[in-house]
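Q: sequence plus the predicted model coming up.
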Amino acid sequence: MRIDSSNMNPQDYWNCGCQIVAMNFQTPGPMMDLTIGWFLQNGGCGYILRPSIMRDQVSYFSANTKGVVPGVSPQVLHIKIISGQNFPKPKGACAKGDVIDPYVCIEIHGIPADCAEQRTKTMQQNGDNPIFDESFEFQVNLPELAMVRFMVLDDDYIGDEFIGQYTTPIECLQPGYRHVPLRSFVGDTMEHAKLFVHIAITNRAGGGKAQKRGLSARIGKKARDYTMLRNTGLKVLDDIFKLAVHPLREATDVRENMQNALVSLKELCGLPTSSSLKQCMLSLASRLVNSGSTPSVNLIMKDSYPYLESLGTIPDVQKKLLSSYETTL
């Protein structure tokens, strides 16, 4: 529907698993900042593989997720904006003289549940080296798709003027005290202009940084999000849909249990979460063979499913594998 050279939001398409999103590079702005920032994680060369949860053979991920993503451990991003260094005067801000009133806006871009924005106080008449000393927290439900955008603005009663910004994937953030190099409106690095910040990433329980793409972290004990039905006020309709509440809860339990069982099986097989069920079975088969290439299990069909039955005494490691495989079935 667009007839000009404006840009759409590429994040909406990345959330849906699109690997190619066409942008109007001649039009700078927030959308191009996201695009340039997204490809910082591979040095601007090639493509970024979509998140592992989208590559699972059986995936229940939805781009419209508004809460915790099944099978993914949420993280908490802690950002402390300490100070700014060598902020330039915004172009065209002649009316204010040489002194600027800067503030920092922190934006989180990702799935709908992760999108958030917070800002510091305005440093009145604080020039180009303000001290903010403010801390912020953001819950990130799908870190692999989330980005953080630091934007510095000059507070003005006529209209806030752009000073600089920096956008980067959350998975590229390094913990500790960091200098964030600011970029201009067209994406060029501004010499000496920086934000001084402190970064920390913890899991939702408050522990240390969660494993980036860990498997065990996905099976945390958390309250399950069940589908809730609202009353329409029409008794006939409400009575009919009440019958769906129990099956929906059962379906949620089946989905979560299956996803957790698959994660556990992949972990015991020594495979990443992006691996397929076929790869799991190949790895499983190689681990259930004794010396002399004799199998330690027998394949039997039970209730139309292929179960594995141990032949004699087997090591504890193999017992765990068989148990995990049975749980998956």
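A: Sure thing, it's come through.
Q: ok, Phe138 - how many residues close by?
A: Phe138: 21 surrounding residues under other CB atoms under 10 Å. Backbone N, C-alpha and C define where each C-beta goes, glycine included.
Q: residue ranges for the strands of the stretch 151-300 of the chain, please.
A: 161-169, 176-183, 189-203, 297-302 (DSSP state E, counting those that start in this stretch).
Q: go through the first one and flag the buried ones.
A: Going back to what we said before, that points to strand 161-169. Neighbour-count burial for strand 161-169 flags 161, 163-169 (criterion: 16 or more other CB atoms under 10 Å).
Q: low-confidence ranges, the stretch 151-300 of the chain, go.
A: 157, 204-225, 227, 274, 290-292 (pLDDT under 70).
Q: if we can go back for a sec, deepest-packed of the strands of the stretch 151-300 of the chain, please.
A: Most buried of the strands of the stretch 151-300 of the chain, by mean neighbour count (mean count of other CB atoms under 10 Å): strand 161-169, with a mean of 21.
Q: show me the contact partners of that strand.
A: 33-34, 36-38, 40-41, 87-88, 90, 92-93, 100, 102, 146-154, 180-185, 190, 193, 195 (CB atoms under 8 Å, 6 or more residues apart in numbering).
Q: again, only this time at 6 Å
A: By CB atoms under 6 Å, 6 or more residues apart in numbering, the surrounding residues in contact with strand 161-169 are 33-34, 37, 40-41, 87, 90, 93, 147, 149-152, 154, 180, 182-183, 185, 190, 193.
Q: which residues of the stretch 201-329 of the chain fall in helices?
A: Shown for the stretch 201-329 of the chain, the helices assigned by DSSP state H, counting those that start in this stretch span residues 235-242, 245-268, 277-287, 316-328.
Q: mind giving me the packing neighbours of the second one?
A: With contacts defined as 3 or more CB pairs under 6 Å, 6 or more residues apart in numbering; DSSP states H and E, helix 245-268 has these neighbours: helix 316-328.
Q: can you list the buried residues in the helix it packs on?
A: 318, 321-322, 324-325, 328.
Q: now do stretch 102-122
A: 102-104, 106-111, 113-114, 116, 119-120, 122.
Q: which of those residues fall within strands?
A: By the criterion of DSSP state E, membership of the buried residues of stretch 102-122 in strands covers 102-104, 106-109, 116, 119.
Q: picking up where we left off before, could I get the strands of the stretch 151-300 of the chain as CSV with distance to Pro74?
A: Conversion of the strands of the stretch 151-300 of the chain to CSV gives the following (distance: least, CB to CB, whole Å):
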stretch, distance to Pro74
strand 161-169, 17
strand 176-183, 22
strand 189-203, 7
strand 297-302, 38
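Q: farthest pair within the ones in strands among the buried residues of stretch 102-122?
A: Using CB to CB, these span at most 22.0 Å, a distance reached by Pro102 and His109.
Q: for Asp56, grab phi and psi.
A: Dihedral pair for Asp56: phi -60, psi 150, per degrees, to the nearest 10.
Q: ok, it to Glu267 distance?
A: Look at Asp56 and Glu267: by CB to CB, to the nearest Å, they are 14 Å apart.
Q: give the contact list for Gly110.
A: Per CB under 6 Å, 6+ apart, neighbours of Gly110: 145-146.
Q: could you check the pLDDT of it?
A: Gly110 is assigned 94 on the pLDDT scale.
Q: for the closest residue to Leu40 other than its chain neighbours, name its beta-bridge partners.
A: Residue nearest to Leu40 in three dimensions, not counting chain neighbours: Thr168, with 5.6 Å by CB to CB, 6 or more residues apart in numbering. Residues in a beta bridge with Thr168, per DSSP bridges, are Val148.
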